[in-house]
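Next one to model:
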Amino acid sequence: MRSALITGASTGIGRATALRLDAAGWRVFAGVRREEDAESLREAGSDRLLPLLLDVTEADQIAAAAARVEEAGGLEGLVNNAGVAIPAPLETVPMEDLRRQVEVNLLSQIAVTQALLPSIRRAHGRIVFISSIGGRIAFPFNGPYHMAKFGVEAAGDVFRQELRPWRIPVSIVEPGSIATPIWERGTKTADEVQERAGSRQQALYGQAMERLREVARELAERGIPPEKVADAIEHALTARRPRSRYLVGLDAKVQARLKPLIPTPLFDRIVARMMDL
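Numbering: from 1, shown residues only. Modelled structure (predicted):
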């Protein structure tokens, strides 16, 4: 039986992927942070779906997950999916929030990969990094998120090149707007960060941040189901020739193709108009 570990499996892309692989007969180690999320997955899946309490920023929990996988006999697939969104202007974002964004969305993916690579190597397995179209294109007030996702793109490329001698495929999945709770959580986080940042952020960027909330609501309403991303992840884990990159969603594909053709000053004007800057 093939096995895979998926981080951030409580909701959204991670949960959809866990259930997809479970239905396809995989043993799935589903990383979650709360026991209620683990119970929800147990109820939705088969006895092959094994939730793990896994905070990807905690080294001891990563080590425990690696030991659990090792006891089960190896790992054919690793899906680095756990992530958060911390919207804020770079001028005023508290450094602890910026560090948390990079820690969760970038450094933790590398840490989990380092810990699981011995099992992946023995099983001739595969690795999938969940990035975003935001790992190719940056927009205002999401700087912390884009910085982390641009880093995921680089990490995925380097792992793919460095692991070539062992023929370990590494794929990067780049979704566009997906209908997941990350939008709602991101709006709540923006409010919390603004409170920590103080009155200066409100004075300088209050109106623009309100527009960002409107844009986030619009994108959430247009987002495609996370199961579409799960399709791409399953292909990356099972196809004879997996792709290096998977763009998921029409908006992601259009943006990726148009951005290189648009001069930077024109792109900045388009963004400014969209964000009322």
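
any low-confidence regions in the stretch 101-250 of the chain?
Within the stretch 101-250 of the chain, the segments meeting pLDDT under 70 span 180-195, 197-198, 220.

What ranges does it have for its helices?
108-122, 143-162, 182-197, 199-222, 226-238, 250-258 (DSSP state H, counting those that start in this stretch).

what separates the fourth one from the chain centre, distance-wise?
Distance of helix 199-222 from the chain centroid (C-alpha atoms, centre = their mean, to the nearest Å) equals 22 Å.

Model confidence at the nearest residue to residue 49 once chain neighbours are set aside, what's the number?
Excluding its sequence neighbours, the residue lying closest to residue 49 (C-beta to C-beta, 6 or more residues apart in numbering) is residue 22, at 4.4 Å. All C-beta atoms are positioned from the backbone trio N, CA, C, and that covers glycine. At residue 22, the predicted lDDT confidence score is 97.

can you check residue 272 too?
87.

and it, what does it touch?
Not one residue lies near residue 272 by C-beta atoms under 8 Å, 6 or more residues apart in numbering.

Make sure I have this right: it is in a helix.
Yes. Counting by DSSP: H, G, I helix; E, B strand; the rest coil, one finds residue 272 located in a helix.

give the contact list for the closest residue to residue 119 other than its chain neighbours.
In space, and not counting its chain neighbours, residue 119 is closest to residue 75: 4.1 Å by C-beta to C-beta, 6+ apart. Listed by C-beta under 8 Å, 6+ apart, the contact partners of residue 75 are 3-5, 29, 69, 116, 119-120, 123, 125.

just residue 229 next, same as before
Residues in contact with residue 229 (C-beta under 8 Å, 6+ apart) are 13, 16-17, 130, 173, 175, 178, 248.

Can you give me the buried ones in stretch 41-56?
For stretch 41-56, the neighbour count (16 or more other C-beta atoms under 10 Å) marks 41, 45, 49-52, 54-56 as buried.

Same question for stretch 229-245.
In terms of neighbour count (16+ other C-beta under 10 Å), stretch 229-245 has its buried residues at 229-234, 236-237, 242, 245.

now do stretch 160-171
Residues of stretch 160-171 classed as buried: 160, 163, 168-171 (neighbour count, 16+ other C-beta under 10 Å).

mind checking how far residue 118 is from residue 209?
Remark: distance between residue 118 and residue 209 (C-beta to C-beta, to the nearest Å) = 44 Å.

If you count surrounding residues, which of these two has more?
Comparing residue 118 with residue 209 by other C-beta atoms under 10 Å, the one with more neighbours is residue 209, at 22 against 14.

wait, the more buried one sits on residue 141?
Yes. Judged on C-beta atoms under 8 Å, residue 209 makes contact with residue 141 at a distance of 6.4 Å.

what residues are shared contacts of these two?
87, 89.

list the contacts for the nearest residue to residue 175 once chain neighbours are set aside?
By the measure of C-beta to C-beta, 6+ apart, the closest residue to residue 175 outside its immediate chain neighbours is residue 248, 4.4 Å from it. Going by C-beta under 8 Å, 6+ apart, residue 248 touches 173-176, 178, 224, 228-229, 232.

Right, I'll call it a day here.
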